[in-house]
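Chemist: Using only what follows, build the 3D model:
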Amino acid sequence: MTASFRVVNSQPDMAAQLEHIQRASFPHLDAGSLITAAHYQAHIARFPEGQFAVLNDAGEVVAGSTDFRTTVDFAHYEHRYLDAVDHNWLTHHDPNGDWLYGADIGVLPAYRRRGLARLLYSARQALIRRLRLRGHVAGGMLVGYGRYKGRMSVQTYVDKVKAGELFDPTVSVQLQVGFTIHGIIHNYVDDPGCDHKAAFIVWRNPDLETPPAGGG
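Modeler: Here you go, the predicted structure:
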């Protein structure tokens, strides 16, 4: 029988499972950057509709995502992850912010390549459209760059990922679900696996796009 999955809003009693997913998803991330169960409970209390979990047939949490609302200055996008999320407490969440910031997404290794990240991105995009936000931004960790940094610059790596010549386990998936790369964040996280770097990615709400002038 084919397994089925469903996306729900995260609940406080899922916090321990979400922490387990976080640790399994980012084994090289320093301990101070990891999201804990206490953090997840705070996220749910602060912005419940922006927190998602994927459940398997047994009702176990096998993937999850974290978001908050913010404003964006596209001319000045270089930032540290921990600064943006206030050390994972999301106290910078702005209930009137017009962009959704993707703070985190994780999938248990045993459940990867089964479309669960796509389910979470679809849920986030549906939330953006429902709330009439301008779109979704995030720092897409360049998790594959660590293997190539001795052979090419990060700009060359990103260009090859955009062209489909290289597959990045995080950013390539984000491009496939409609994100574009606005620029490179050079000091995003303390993670040698991505050489500390991320792509600043943007998905714009198509409901708010201005239609072309003219036409019948």
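Chemist: Just the buried residues of stretch 29-47, please?
Modeler: Under the neighbour-count criterion of 16 or more other C-beta atoms under 10 Å, stretch 29-47 has 29, 33, 35-37, 39-44, 47 buried. Where you see a C-beta, it was placed from the backbone N, CA and C, and this is true even at glycine.
Chemist: of all those, which comes closest to Asp191?
Modeler: Distance to Asp191, by C-beta to C-beta, is smallest for Leu29 among these, at 5.1 Å.
Chemist: Now do the same contact list for that closest one.
Modeler: The neighbours of Leu29, taking C-beta atoms under 8 Å, 6 or more residues apart in numbering as the test, are 189-191.
Chemist: Now do the SS call for it.
Modeler: coil (DSSP: H, G, I helix; E, B strand; the rest coil).
Chemist: What backbone torsions are found at it?
Modeler: Main-chain dihedrals, Leu29, degrees, to the nearest 10: phi -70, psi 140.
Chemist: And it, how far from Val173?
Modeler: 18 Å (C-beta to C-beta, to the nearest Å).
Chemist: repeat for Ala123
Modeler: As judged by C-beta to C-beta, Ala123 and Val173 stand 15 Å apart.
Chemist: now do Glu165
Modeler: Counting by C-beta to C-beta, the gap from Glu165 to Val173 is 16 Å.
Chemist: So which of these two has more stuff around it?
Modeler: Just comparing Glu165 and Val173: by other C-beta atoms under 10 Å the higher neighbour count belongs to Val173, 18 against 9.
Chemist: Which other helices and strands does the helix or strand hosting the more buried one contact?
Modeler: Element membership for Val173 (DSSP states H and E) is helix 171-176. Counting by 3 or more C-beta pairs under 8 Å, 6 or more residues apart in numbering; DSSP states H and E, the packing neighbours recorded for helix 171-176 are helix 116-131, strand 135-141, helix 154-163, strand 198-204.
Chemist: could these go into TSV alongside mean neighbour count, distance to Tyr148 and mean pLDDT?
Modeler: TSV is the format used below for these (neighbours: other C-beta atoms under 10 Å; distance: least, C-beta to C-beta, whole Å; pLDDT from 0 to 100):
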stretch	mean neighbour count	distance to Tyr148	mean pLDDT
helix 116-131	18	22	96
strand 135-141	24	14	96
helix 154-163	16	5	97
strand 198-204	23	14	98
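Chemist: In a markdown table: the ones you listed, plus distance to Val7.
Modeler: Formatted as a markdown table, the helices and strands packed on helix 171-176 follow (distance: least, C-beta to C-beta, whole Å):
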| stretch | distance to Val7 |
| --- | --- |
| helix 116-131 | 5 |
| strand 135-141 | 16 |
| helix 154-163 | 26 |
| strand 198-204 | 17 |
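Chemist: And the ones you listed: which comes nearest Gly102?
Modeler: strand 135-141 (3.3 Å).
Chemist: Now do the closest one: everything it contacts.
Modeler: Contacts of strand 135-141 from elsewhere in the structure, counted by C-beta under 8 Å, 6+ apart, are 67, 70, 72, 79, 81, 84, 99-103, 124-125, 128, 170-171, 174, 179, 181-182, 185, 188-189, 191, 194, 197-205, 208.
Chemist: filter the residues you listed to the buried ones?
Modeler: Here, 16+ other C-beta under 10 Å leaves 67, 70, 72, 81, 84, 99-103, 124-125, 128, 170-171, 174, 179, 181, 185, 188-189, 191, 194, 197-205 buried among the contacts of strand 135-141.
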